[in-house]
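Undergrad: how would this look folded up:
(one chain, ligands or ions: 3)
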Amino acid sequence: MPGSDYPLLQQIDDPAALRALPEGELAPLAAELRAFLIDSVARTGGHLAAGLGTVELTVALHRVFETPEDRLVWDVGHQSYPHKILTGRREAMPTLRQHGGLAGFPKRDESPFDTFGTGHSSTSISAALGMALAARREEDPRQVVAIIGDGALTAGMAFEALNHAGGMDANLLVILNDNDMSISPNVGGLSSHLARILSGRLYAGMREGGKKVLSLMPPVHELARRAEEHFKGMVVPGTLFEELGFNYIGPVDGHDLSTLVPTLDNVRQLEGPQFLHVVTRKGKGYEPAEDAPTRYHGVGRFDPAQGQTPSAPAPSPTYTEVFGDWLMETAAADERVHAITPAMGEGSGLVAYAEQFPERYYDVGIAEQHAVTMAGGLACEGAKPVVAIYSTFLQRAYDQVIHDIALQDLDVLFAIDRGGLVGPDGPTHAGSFDLAYLRCLPNLVVMAPADEAESHAMLTAGLAHPGPAAVRYPRGRGPGRPVADAPAELPLGRAEVRRRGQRVALLAFGSMVAPATEVAEELDATLVNMRFAKPLDEAAILEAAAGHELLVTLEEGAVMGGAGSGILETLARHGRLAPVLQLGLPDRFQEQGSREELLAEAGLDAAGIRTAIRERLGESAA
Ligand SMILES: Cc1ncc(C[n+]2csc(CCOP(=O)(O)OP(=O)(O)O)c2C)c(N)n1
Ligand SMILES: CC(=O)[C@@H](O)[C@H](O)COP(=O)(O)O
Ligand SMILES: [Mg+2]
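TA: Ligands and ions are numbered 1, 2, ... in the order given. Predicted coordinates:
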């Protein structure tokens, strides 16, 4: 993208340069920033619609606040590309979400302007309050701002922070970026409350007038604030945020710099917890994204002139599609089936199901804890709830899985998508820990399919199982085994011996069966598709130990405490000694890149597995 297309943006290598611009150049700068963002994300893929909605807000924030001394904390961070572009990373945008390149979310070790690492939603207010309390203790005048979306505000953690912050006198500004969208349209009572505030046009009109008066005065002082407070109380019911102890300001147009800059200037001088309600449009300024913000939430590479075009028909369904199809046929046959998603309906493959079974579909918002425990309530009443959830986001509801579901042995099925490495979203979104954090739970059955057919069969088996069960499958496509080929039976806790060989036994879980198959053929090794991370097939493990020089466990998950550790525990419990090589994700976070790059880096592709085995056998790795 030649710099000449972006003459103003080319001058901005840090926010100080932005703050030095004449005021009249802010709007043209925002226009260039938006055009650059579209062009850049169209080349790399990534999150687009949210960032389009924060272009003006980002310009205004870096204009008014002395960043990075003043702290900005972006919630989720998928909307932070304009922030990254204005804070010295414009030229690095072609490396976005690629191996060794820019992260797709704010990252502390990437820039001093990225004050807190995000990716999972609803953490910004907590982190910002921590920073604000530290500033107060140091008697430092630096400001702290959390920018949170209306979707992210539906999570309990956001309200834990609002509740606490509202009772403190720390200088904290919470900016609600309200575009009435999560990935799908936002849901719940909060969304309705926000809509009611916006619809209070009388209030908005008066506020407009009121603000003009306030903005003409010297920096807003306590008397004016109290007068405004009283005035608001007279005209419209207090917002939820005022009831929690915040000084609520807004709603203001989040795309109008002539409003945003003076408003932020005023608010910056106020003491105590402030809540600025900003109204934006997700996808703003790029018509295809404005018309379809869900579709342009996350994009692959595309031609901006054409917009996203339908991709060519794929050779086989993704694991997500296998799940979505399975759910449709299962719900049609069994009216006890209900599906629950914490705001990830599209990514979890639930679009068709939601249309066909709206009365048995629940998008609970970004509320994983609530999703899991509500499923428990449904199960208590004889329903068959299916919680469709990304592995990484299930981490948010770990106690609910333990305390509300496993302990009570409730009949809930967890369809865990994005199990293992996810690729461009990087470490915040990798499903690296689910095998480790689930297999240790009593009563829970944990399955990992080797292919699409097995995934279908495991979902059926999990639903039929009278207690809690989990099926974890990776992002994207598998080996391509047709679902019609699904095993008729899947006996609980029974592995599948796929081949018998010499010297080495490969005990593979889930997605690792495919590369292990290639290596087993080359080495004439035994290959066992373990299928269950819990309960393990102890007989298969003991038989493998008895007849081979080396056992190799393979999982696309953390080695520490993972499924392979369960095999070690089995051998120990039976007093068996056997050489074991554990292959899986090492004890570090994997940065972003393609899934293939990351698997190879972790030694979990066929080449890596072969090399590790040969080295352990003392043979040349060649
Ligand atoms: C804990 C958690 N759950 C789910 C997600 C997936 N997710 C990413 S962005 C998003 C929607 C966020 O909506 P909002 O905060 O309103 O931001 P917008 O995209 O509208 O700007 C969701 C559900 C996540 N990142 N973290
Ligand atoms: C920002 C966020 O958390 C989601 O948009 C996530 O990136 C979706 O991941 P998938 O692309 O795997 O559905
Ligand atoms: Mg939103």
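
Undergrad: quick one, phi/psi of whichever residue of the stretch 501-622 of the chain sits closest to ligand 1?
TA: In the stretch 501-622 of the chain, the residue that lies nearest ligand 1 is Gln592 (14.7 Å; C-beta to the nearest ligand atom). Heads up, the C-betas are built off the backbone N, CA and C, glycines and all. Here is the backbone geometry of Gln592 (degrees, to the nearest 10): phi -80, psi 170.

Undergrad: please apply the same query to Val145.
TA: The phi/psi pair for Val145 (degrees, to the nearest 10) is phi -130, psi 130.

Undergrad: wait, what's in contact with the closest residue to it other than its chain neighbours?
TA: Closest residue in space to Val145, ignoring its immediate chain neighbours: Leu173 at 4.5 Å, by C-beta to C-beta, 6 or more residues apart in numbering. For Leu173, the residues meeting the contact criterion (C-beta atoms under 8 Å, 6 or more residues apart in numbering) are Gln143, Val144, Val145, Ala146, Val267, Arg268, Gln274, Phe275, Leu276.

Undergrad: mind running it again at 10 Å?
TA: By C-beta atoms under 10 Å, 6 or more residues apart in numbering, the contact set of Leu173 is 61, 65, 70, 72, 128, 132, 143-147, 246-247, 249, 264, 267-268, 270, 273-276.

Undergrad: now do the SS call for it.
TA: strand (DSSP: H, G, I helix; E, B strand; the rest coil).

Undergrad: now Arg108
TA: Assignment for Arg108 (three-state DSSP): coil.

Undergrad: show me where the stretch 401-550 of the chain has helices.
TA: 434-439, 452-464, 513-523, 538-547 (DSSP state H, counting those that start in this stretch).

Undergrad: give me whichever of those is most buried.
TA: helix 434-439 (a mean of 25; mean count of other C-beta atoms under 10 Å).

Undergrad: pick out the residue of the stretch 301-450 of the chain closest to ligand 2.
TA: Counting by C-beta to the nearest ligand atom, the stretch 301-450 of the chain gets nearest ligand 2 through Gly347, at 3.5 Å.

Undergrad: next, count neighbours for that residue.
TA: 20 (other C-beta atoms under 10 Å).

Undergrad: returning to that earlier point: from the contacts of Leu173, which land in helices?
TA: Leu61, Ala128, Ala132, Leu264, Val267, Arg268 (DSSP state H).

Undergrad: quick check, nearest of these to Thr428?
TA: Ranked by distance to Thr428 (C-beta to C-beta), the ones in helices among the contacts of Leu173 are led by Ala128 at 18.0 Å.

Undergrad: mind listing what that closest one touches?
TA: 71-73, 75, 115-116, 143-148, 161, 165, 170, 172-174.

Undergrad: does the residue of the stretch 301-450 of the chain closest to ligand 2 belong to a helix, a strand or coil?
TA: coil.

Undergrad: any stretches of the stretch 501-622 of the chain with poor pLDDT?
TA: 620-622 (pLDDT under 70).

Undergrad: was I right about the residue of the stretch 301-450 of the chain closest to ligand 2 contacting Ser182?
TA: No - Gly347 lies out of contact with Ser182 (C-beta atoms under 10 Å); the separation is 11.5 Å.

Undergrad: re the thing from before, which of the contacts of Leu173 are buried? Put it as a ChimeraX command.
TA: The ChimeraX selection below is limited to those of the contacts of Leu173 classed as buried (16 or more other C-beta atoms under 10 Å):
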select :61,65,70,72,128,132,143,144,145,146,147,246,247,249,264,267,268,270,273,274,275,276
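
Undergrad: what residues does the chain have near ligand 1?
TA: Where the chain comes near ligand 1, counting by C-beta under 6 Å from any ligand atom, the residues are 50, 53, 76, 78-79, 120-121, 149-152, 177, 179, 181-183, 282, 343-344, 366, 393, 396.

Undergrad: which of the residues you listed fall in helices?
TA: Those of the residues of the chain next to ligand 1 lying in helices (DSSP H): Ala50, Gly53, Phe393.

Undergrad: so how far is the longest strand seen in the chain off the chain centroid?
TA: When the chain is parsed with DSSP state E, its longest strand is strand 550-558. Strand 550-558 sits 26 Å away from the centroid of its parent chain (C-alpha atoms, centre = their mean, to the nearest Å).

Undergrad: who does the residue nearest to Val145 form a beta bridge with?
TA: Val145, Gln274 (DSSP bridges).

Undergrad: and it, how far is that from Glu69?
TA: 15 Å (C-beta to C-beta, to the nearest Å).

Undergrad: how many residues are close by Trp77?
TA: Just so we're on the same page, residue 77 is Gly rather than Trp. 28.

Undergrad: got the contact list for the residue minimising distance to the centre of the chain?
TA: For the chain, the residue nearest the mean C-alpha position is His120 (4.8 Å; C-alpha atoms, centre = their mean). Taking C-beta under 10 Å, 6+ apart, we find His120 in contact with 75-77, 105, 152, 155, 157, 366, 368, 392-393, 395-396, 428-429.

Undergrad: and with 7 Å instead?
TA: By C-beta atoms under 7 Å, 6 or more residues apart in numbering, the residues touching His120 are Arg396, Thr428.

Undergrad: surely Gly77 is in contact with Gly119?
TA: Yes - in this structure, Gly77 is within contact of Gly119 by C-beta atoms under 7 Å, at 6.0 Å.

Undergrad: got any residues that touch both of those two?
TA: In contact with both Gly77 and Gly119: Phe105, using C-beta under 7 Å, 6+ apart.

Undergrad: what's the helix or strand for Leu568?
TA: In the assignment (DSSP states H and E), Leu568 maps to helix 563-573.

Undergrad: which SSE is immediately downstream of that helix?
TA: strand 580-585.

Undergrad: which residues are contacting that following strand?
TA: Here strand 580-585 has contacts from 432, 550-555, 557-559, 562, 564, 567-568, 602-604, 609, 612-613, 616, using C-beta under 7 Å, 6+ apart.

Undergrad: ok, it: who's next to it in the sheet?
TA: strand 550-558 (parallel).

Undergrad: angle of the partner strand against helix 513-523?
TA: 160 degrees (axes from the mean of the first three to the mean of the last three C-alpha atoms, to 10 degrees).

Undergrad: and for Tyr296, the neighbour number?
TA: Tyr296 has 24 nearby residues by other C-beta under 10 Å.

Undergrad: do you know how far the closest residue to it other than its chain neighbours is from Ile197?
TA: Distances taken as C-beta to C-beta, 6+ apart put Ala289 closest to Tyr296, at 3.7 Å, once the chain neighbours are dropped. Counting by C-beta to C-beta, the gap from Ala289 to Ile197 is 25 Å.

Undergrad: compare these two (neighbour count), which wins?
TA: Ala289 (26 against 22).

Undergrad: for that one, give me its contacts.
TA: Neighbours of Ala289 in contact, by C-beta under 7 Å, 6+ apart: Leu48, Ala49, Leu52, Gly283, Tyr296.

Undergrad: secondary structure element holding it?
TA: helix 287-291.

Undergrad: got the buried residues for that helix?
TA: Pro288, Ala289, Glu290.

Undergrad: now distance to ligand 3 and pLDDT too, for those, in TSV please.
TA: Output for the buried residues of helix 287-291, formatted as TSV (distance: C-beta to the ion, whole Å; pLDDT from 0 to 100):
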residue	distance to ligand 3	pLDDT
Pro288	18	98
Ala289	13	98
Glu290	14	98
